[in-house]
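In: Quick one: sequence plus predicted model below, questions after.
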Amino acid sequence: MSAPTETAPSFVTGIPVPLFKTRLAGVDAYRLEYVPSADGKRILMSTPTDAGDRPAITVVVNWPTLLKR
């Protein structure tokens, strides 16, 4: 969202408007779904995909033992 602002003679904000459409599922207090770049020019987002095109995730536990082989 973006809102126009004025700082003089006092701080006033206008009506917020969406910057772009996203497919974010909602606000999750334990997971940050977006992060702005340090220069503020880009935003990295984690968005859901269609159920049929999800890549598999492999979790390897006790991987240091595999390195000893």
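Out: The structure has been received and is ready for your questions.
In: Start from the N-terminal end of this protein and give the helices.
Out: Per DSSP state H, the chain carries helices over the ranges 63-67.
In: pLDDT below threshold where in it?
Out: 23-32, 47-56 (pLDDT under 70).
In: Find the centremost residue of it, please.
Out: The centroid of the chain falls nearest to Tyr34 when counting by CA atoms, centre = their mean (1.4 Å).
In: From what I see, it and Arg42 are in contact.
Out: No - using CB atoms under 8 Å, Tyr34 is not in contact with Arg42; the gap is 10.6 Å. From N, CA and C alone the C-beta is placed, and that goes for glycine too.
In: Using CSV, write out the CA atom coordinates for stretch 12-19.
Out: Extracted in CSV, the C-alpha atoms of stretch 12-19 (Å, rounded to 0.1, in the frame of the first residue of the first chain):
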residue,chain,number,x,y,z
VAL,A,12,-1.3,14.5,7.0
THR,A,13,-1.8,11.2,5.1
GLY,A,14,-4.1,10.6,2.2
ILE,A,15,-6.1,7.5,1.3
PRO,A,16,-3.9,4.4,0.9
VAL,A,17,-3.9,2.6,-2.5
PRO,A,18,-2.5,-0.8,-3.4
LEU,A,19,0.9,-0.7,-5.2
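In: from the middle of its chain, how far away would that stretch be?
Out: Relative to its chain's centre, stretch 12-19 lies at 20 Å (CA atoms, centre = their mean, to the nearest Å).
In: got a list of contacts for that stretch?
Out: Applying CB atoms under 8 Å, 6 or more residues apart in numbering, the external contacts of stretch 12-19 come out as Met1, Ser2, Ala3, Pro4, Thr5, Glu6.
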